[in-house]
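Visitor: coords please:
(4 chains)
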Number of protein chains: 2
Amino acid sequence: MATGRTHRPATRSRGIPEATVARLPLYLRALTALSERSVPTVSSEELAAAAGVNSAKLRKDFSYLGSYGTRGVGYDVEYLVYQISRELGLTQDWPVVIVGIGNLGAALAGYGGFASRGFRVAALIDADPAMTGKPVAGIPVQHSDDLEKIIAEDGVSIGVIATPAGVAQAVCDRLVAAGVTSILNFAPTVLSVPDGVDVRKVDLSIELQILAFHEQRKAGEEPGEDAAPQAAAPAAPPAARTTAQGGRKGPDGDVPAVMPA
Amino acid sequence: MATGRTHRPATRSRGIPEATVARLPLYLRALTALSERSVPTVSSEELAAAAGVNSAKLRKDFSYLGSYGTRGVGYDVEYLVYQISRELGLTQDWPVVIVGIGNLGAALAGYGGFASRGFRVAALIDADPAMTGKPVAGIPVQHSDDLEKIIAEDGVSIGVIATPAGVAQAVCDRLVAAGVTSILNFAPTVLSVPDGVDVRKVDLSIELQILAFHEQRKAGEEPGEDAAPQAAAPAAPPAARTTAQGGRKGPDGDVPAVMPA
DNA sequence: GGTTGTGAACCGGTTCACAGCG
DNA sequence: CGCTGTGAACCGGTTCACAACC
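Guide: Numbers count the residues shown, from 1 in each chain, chains lettered A, B, ... in the order given. Down below sits the predicted model:
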């Protein structure tokens, strides 16, 4: 989530927890698969397994949508597919623009999951004049000069930013000014937007770093093998750290005398 | 589930909250930018703004790492960069394999943020023999037959899956069997892995659906009443389902074909 | 003065366990 | 019976606000 608050004006009626909303697409995917196999009903247990969550959580999630199940039986697959789709707003068509048609943008344009589920790539936009007119994934790239016009004409409210980090904020500002109120950001930058605009980010490098953290810990936990290869440190002790870490240090003493040098 | 206990074996000492870990990369990025501008110190307030969080949260996060700040002054940028890097395990080199060199895989291979920060693309792997040997982002693609060998030889512990959903689980299984213990999954599937293996997923379509949910709500909030447009509803209420169980829905059930798939 | 570090209150979300119902 | 729906306990994380310290 980005800056400011946008949510819940005390509207307790439509109050679906954010965590639940984030899982609905997961349930929907599992249900769609069941639907394709013509499975008529599922129990919370089965569906939960397919979605990779536990059944209590799933039932609680569904309870926010209403009582769509049948005790002793389970959930009607088709019915639930429809209810979740509607709740997520997928019964309507969402035109989306992708800005920045580099490797990533091109990959996104061709991504299958994009076209499905009510999302439609309304336009591909790039600042490079050499790209203009070139079809990518069957859609001709348009020049960013026309960004505002494109958004207005197609009534686009969702924008995907796949530009270099350096221009992401500028692109974001233009998108927002043109009327976009939801942004999916692939650029490694923190975007700031006015209230009422939602931003979600997808950041490869952050994900990898989180994995590295756990990976490192796994290595350190193993028997004998001691962690912390402790590479050469960029020598940068805290300015006036002279008097030692007298008081508290960390959760538990951290490494002895943090001194890199 | 052998021990039921998975990760975090009562990690009392090194107990950094998961939410904090997820933010460290963000702080690191902001700090790196400051470092490049030769800024010597930052206050929690400034750094928090740059990272898009609030300062209390940032200070609390840092408190889990240790007392690395100076009261009345702030944090030493270089020192903090080092400490966070070390905490995240970025002071060592992490060889990574990318499996599935389609549009997305190729984009990832060339992604800048990948190479930086201690991650190194050790190999690109694809099942298509026509791809074998072809250089992508300067790295020759290898055939998936050699997956196990590649992982063993390079000591790869992090794998990125960018294959079609249909083969993602199979690829995952092979990666894990070969010794990979952290997986970043771009395929729209729930992967199941044994205990001790971490999986993080990046799912474009889920992100879009979450945005659509909020977008829909924004549209509905404007007027005083929240009566949804309500498209043609499917006849499948749970109540009347008493005996209808046997008569299955069959091919085009009664629900509007909301999605292609 | 300024800013960190942190106990304590608070809040959202998860899990438990069982009542309710088919 | 079996399975859903949900109140209540629980837990992790966020925010508050202030004491500790430079």
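Visitor: Spit out the contact partners of the residue nearest to A:Pro129 when sequence neighbours are not counted.
Guide: Taking CB to CB, 6 or more residues apart in numbering or on different chains as the measure, A:Pro129 lies nearest to A:His143, with 6.4 Å between them; neighbours along the chain are not counted. The way it works is simple: take the backbone N, C-alpha and C, and place the C-beta from them, glycine included. Shown here is A:His143, whose contacts under the criterion CB atoms under 8 Å, 6 or more residues apart in numbering or on different chains are A:125-127, A:129, A:131-132.
Visitor: among the residues you listed, which are in strands?
Guide: Per DSSP state E, strands hold the following members of the contacts of A:His143: A:125-126.
Visitor: okay, the contacts of A:His143 in JSON lines with distance to B:Ala212 next?
Guide: JSON lines is the format used below for these (distance: CB to CB, whole Å):
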{"residue": "A:Ile125", "distance to B:Ala212": "20"}
{"residue": "A:Asp126", "distance to B:Ala212": "24"}
{"residue": "A:Ala127", "distance to B:Ala212": "27"}
{"residue": "A:Pro129", "distance to B:Ala212": "32"}
{"residue": "A:Met131", "distance to B:Ala212": "28"}
{"residue": "A:Thr132", "distance to B:Ala212": "29"}
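Visitor: Now A:Ile206. Its backbone dihedrals?
Guide: phi -70, psi -40 (degrees, to the nearest 10).
Visitor: That one touches B:Leu24, doesn't it?
Guide: No - using CB atoms under 8 Å, A:Ile206 is not in contact with B:Leu24; the gap is 9.1 Å.
Visitor: what's the neighbour count on A:Ser67?
Guide: Neighbour count of A:Ser67, defined by other CB atoms under 10 Å in any protein chain shown: 10.
Visitor: do the same with A:Asp154
Guide: 14.
Visitor: Could you find the closest non-adjacent residue to it?
Guide: Counting by CB to CB, 6+ apart, the residue nearest A:Asp154 is A:Ala122, at 4.4 Å.
Visitor: what sits against that neighbour?
Guide: A:95-97, A:150, A:154, A:156.
Visitor: can we see that at 6 Å?
Guide: Going by CB atoms under 6 Å, 6 or more residues apart in numbering or on different chains, A:Ala122 touches A:95, A:97, A:154, A:156.
Visitor: what's the closest of those residues to A:Thr163?
Guide: A:Val97 (12.1 Å; CB to CB).
Visitor: and that closest one, that's in a strand?
Guide: Yes - the assignment for A:Val97 is a strand, going by DSSP: H, G, I helix; E, B strand; the rest coil.
Visitor: separation between it and A:Ser144?
Guide: 10 Å (CB to CB, to the nearest Å).
Visitor: SS state for the residue nearest to A:Asp154?
Guide: Under three-state DSSP, A:Ala122 comes out as strand.
Visitor: How far does the helix or strand of chain A with the lowest mean pLDDT sit from its chain's centre?
Guide: The helix or strand of chain A with the poorest confidence is helix A:112-115; it has a mean of 74 (mean pLDDT, DSSP states H and E). In terms of CA atoms, centre = their mean, to the nearest Å, the centre of helix A:112-115 is set 15 Å apart from its chain centre.
Visitor: outside of it, which residues touch it?
Guide: B:188, B:204-205.
Visitor: at 8 Å what do you get?
Guide: Residues from elsewhere that reach helix A:112-115, judged by CB under 8 Å, 6+ apart: A:96, A:108, A:121, B:188, B:203-205, B:208, B:260.
Visitor: tell me, which of those residues make contact with DNA strand C?
Guide: Taking CB under 7 Å from any atom of the strand as the test, DNA strand C is in contact with none of those.
Visitor: Quick check on those residues: which are buried?
Guide: Among the contacts of helix A:112-115, those classed as buried by neighbour count (16 or more other CB atoms under 10 Å in any protein chain shown) are A:96, A:108, A:121, B:188, B:203-205, B:208.
Visitor: burial count for A:Gly166?
Guide: Using other CB under 10 Å, A:Gly166 has 9 neighbouring residues.
Visitor: Please spell out which residues along the host helix or strand of it are buried.
Guide: Element membership for A:Gly166 (DSSP states H and E) is helix A:165-178. Residues A:165, A:167-169, A:171-172, A:174-176, A:178 are the ones in helix A:165-178 that count as buried (16+ other CB under 10 Å).
Visitor: Quick check: of those, which lies closest to B:Ser35?
Guide: Within the buried residues of helix A:165-178, the smallest distance to B:Ser35 is 16.1 Å, found for A:Ala165 (CB to CB).
Visitor: for that closest one, what are its contacts?
Guide: By CB under 8 Å, 6+ apart, the contact list for A:Ala165 reads A:187-189.
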